[in-house]
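Asks: Everything below, folded, please.
(chains A and B)
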Amino acid sequence: MQRVQKVRRVAVQTGRGYAFALCVAAGFLASGSMARAEDPSSWREIETKYIFGFTLGSGIGLEGEREVTVDSISRFGKRDGHYAASETKYEFEFTPSQFIQIEFGALGSTHDIGGVTGLDNRSQIALSGAFAEFRYLAIERTSDNPLAVTLAVEPTVRRIDETSGERVQSFEFETTVNADLELLRNRLYAGFNLLYEPEVTKTALGDTQREATAGGSAALSFRILSNVVLGGEVWYLRHYDAANLTAFTGDAVLLGPTLFIRFTPKMFVTAAWNTQVWGREVGSPAAFNLSEFQRNRVKLKFAYEF
Amino acid sequence: MTALTIILRKPALAALCAIAVLQASASHAQQATEIRLTYSKGQFQPSQVSAPADKPISFRIKNLDAKAMEFESTSLRVEKVVAAGSEGVVNVRALKPGRYEFYDDFNDKARGALTVQ
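Replies: Sure, this is the predicted structure:
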């Protein structure tokens, strides 16, 4: 019991550690911006895809541009025991036209689970699947129109279950609408996502499970330096035990800060931390929805363009 | 199974590809407006250019400097490296009225803008 509590403390502290690091970096960069006032009108326009954290902006890159990326999402905290899991995309993305972006790559996952009701204890690292993403810019921003909208589909196959770490055969088809608004030129941006993510999973015992996640997000990002963007986002997510959204099982609201830093014209990092601030499970009086969602999630993405 | 078969079995992918192909072909069917730029001593000449709306544009960039430059624009959504002493062509879709900035990605001081009206 003491060990479980200790490990749980470590998991929580890890999540808080990420958040603390994010806040320290943000504070440091914010103080830097105050020290040297820059004129935003002289800044280059920014690519908005990665400035909103988990929320994706409308950007599709530049025609002819290629990018390699390591994009990791870690999740911490269930109702009991200790739970830490991550999924990392090792991806290649390119923009073959001024309207289309294509990404594909492999997925790696880690699971460190102990004493969580409904999940087997495990500690593992695995190559867990593959994905591809197709993005189409439907509405483009101009100097007269601040709104841009991109439609995206992302088929994903997994051999390791994202939540439990069990061996499965799973197919997911994420569809999203990524919209953003430039509220103040070169300075302030609002981002909005709509998400529908049906998934079918065949377990090791041969059972077939169908589920879906649907929801949306809103984000606000402020460019404090020409290469640094700070912001916050809120997500509302609903989970169903059917792809057609008929068997509602619970929902949750997640909230947290975001950070984007472009180190060089060809290299950037984006980070975000979301914590569940409200949630409910159908048939359970407990606070939060920790069956379908986690208490904390952290995103860290590093990209190099060429 | 061919790539075409896979795409045709996925209606969303097929729709995306069809839209992209239609947009690309519609853009190229029109005569492009050619804009000639030279890049010398780390500056574009001219740095302010204009073009009519709803017609594709073809930038022809001659790099007179002794090192490579990268013609790039976030709002035009293009980038192209032009080697020292050579010429590069960048084709842009038909544009709506507005101002579109471009720059040399290797040189922060080299800026220019296209006004479409």
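Asks: what is the spatially most central residue of chain B paired to in the beta sheet?
Replies: What sits nearest the mean C-alpha location of chain B, by Cα atoms, centre = their mean, is B:Val92, with 3.8 Å. For B:Val92, the residues forming beta bridges with it (DSSP bridges) are B:Ile57.
Asks: so who does it touch?
Replies: By Cβ atoms under 8 Å, 6 or more residues apart in numbering or on different chains, B:Val92 lies in contact with A:Gln98, B:Pro56, B:Ile57, B:Ser58, B:Phe59, B:Leu76, B:Val78. (Each C-beta comes from the backbone N, C-alpha and C, glycine too.)
Asks: Tabulate those (CSV), appending pLDDT, neighbour count and distance to B:Val116.
Replies: Formatted as CSV, the contacts of B:Val92 follow (pLDDT from 0 to 100; neighbours: other Cβ atoms under 10 Å in any protein chain shown; distance: Cβ to Cβ, whole Å):
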residue, pLDDT, neighbour count, distance to B:Val116
A:Gln98, 96, 22, 14
B:Pro56, 97, 18, 11
B:Ile57, 97, 23, 8
B:Ser58, 97, 15, 14
B:Phe59, 97, 24, 13
B:Leu76, 97, 22, 10
B:Val78, 97, 22, 14
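Asks: For stretch B:69-76, give me every contacting residue.
Replies: Applying Cβ under 8 Å, 6+ apart, the contact partners of stretch B:69-76 are A:44-47, A:62, A:98, A:141-143, B:37, B:39, B:59, B:61, B:63, B:78-82, B:88, B:90, B:92, B:95, B:98, B:100-107, B:110, B:114.
Asks: and these, which of them are in strands?
Replies: B:37, B:39, B:59, B:61, B:63, B:78-82, B:88, B:90, B:92, B:98, B:100-104, B:107, B:110, B:114 (DSSP state E).
Asks: how does chain B divide into domains?
Replies: B:1-30, B:31-116 (automatic domain parsing).
Asks: If I average pLDDT within each of those domains, which one is lowest?
Replies: The minimum mean pLDDT among these belongs to domain B:1-30 (a mean of 52).
Asks: Buried by neighbour count, from the ones in strands among the contacts of stretch B:69-76: which ones?
Replies: Neighbour counting by 16 or more other Cβ atoms under 10 Å in any protein chain shown classes B:37, B:39, B:59, B:61, B:63, B:78-80, B:82, B:88, B:90, B:92, B:98, B:100-104, B:110, B:114 among those as buried.
Asks: Please report the distance of B:Ser75 from B:Phe59.
Replies: In this view, B:Ser75 and B:Phe59 are 14 Å apart by Cβ to Cβ, to the nearest Å.
Asks: Repeat that for A:Pro146.
Replies: The gap separating A:Pro146 from B:Phe59 is 25 Å, by Cβ to Cβ.
Asks: Contact residues of the stretch 1-150 of chain A facing chain B?
Replies: A:44-47, A:60-65, A:95, A:97-100, A:134, A:136, A:140-145 (Cβ under 8 Å from any Cβ of the partner chain).
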